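[1] this one's structure only:
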């Protein structure tokens with residue numbers, strides 16, 4: 001990554017921190033992220049998407065998360081959508097918030113898109129609830 005001055009925040013370092021906070025260490029440390037041919041792509045996404053766009057002050061993290069859910073739903077990117085639904089739960093979005101996004105997407109992108117998001121929300125909610133139960137018991 002290019003050098004930055006002491007006055008200018010390093011977008012890669014900022015992006016890496018935000019990406020980990022939203023998506024979790026497990027995802028960020030995934031095999032693809034560490035595969036040398038993919039490094040330039042992940043460096044770009046980390047510095048630009050996470051370090052420049054997500055770090056902006058214009059929208060809070062919760063709002064950015066809900067926007068991502070709508071965009072990924074509309075673009076029919078189910079794998080990324082599942083990842084960001086879990087991130088939405090980390091960012092304080094409720095199941096009800098995401099259900100509203102699903103209704104909105106259904107109105108503008110079609111019923112199957114809304115159903116796809118609702119399915120991803122249900123799966124993530126069930127998985128997180130199960131993880132919390134195991135964590136509380138152990």
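    Looks like it arrived, so ask away. None of the values given here were measured: they were computed from a predicted structure.
[2] all the helices of the protein, residue numbers only.
    Ranges of helices in the chain, per DSSP state H, are 11-23, 25-28, 39-44, 61-74, 78-90, 95-109, 111-137.
[3] residues touching the residue nearest the centre of the chain, list them.
    With distances taken as Cα atoms, centre = their mean, residue 84 lies nearest the centre of the chain, 3.3 Å away. By Cβ atoms under 8 Å, 6 or more residues apart in numbering, the contact list for residue 84 reads 23, 65, 68-69, 72. C-beta: built from backbone N, CA, C; applies to glycine.
[4] format the residues you listed as TSV; extra columns: pLDDT and neighbour count.
    Shown next, in TSV, are those (pLDDT from 0 to 100; neighbours: other Cβ atoms under 10 Å):
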residue	pLDDT	neighbour count
23	92	17
65	96	24
68	97	23
69	98	25
72	98	23
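[5] same list, those, but as a markdown table with distance to residue 126 please.
    Below are the contacts of residue 84 laid out as a markdown table (distance: Cβ to Cβ, whole Å):
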| residue | distance to residue 126 |
| --- | --- |
| 23 | 19 |
| 65 | 19 |
| 68 | 21 |
| 69 | 17 |
| 72 | 19 |
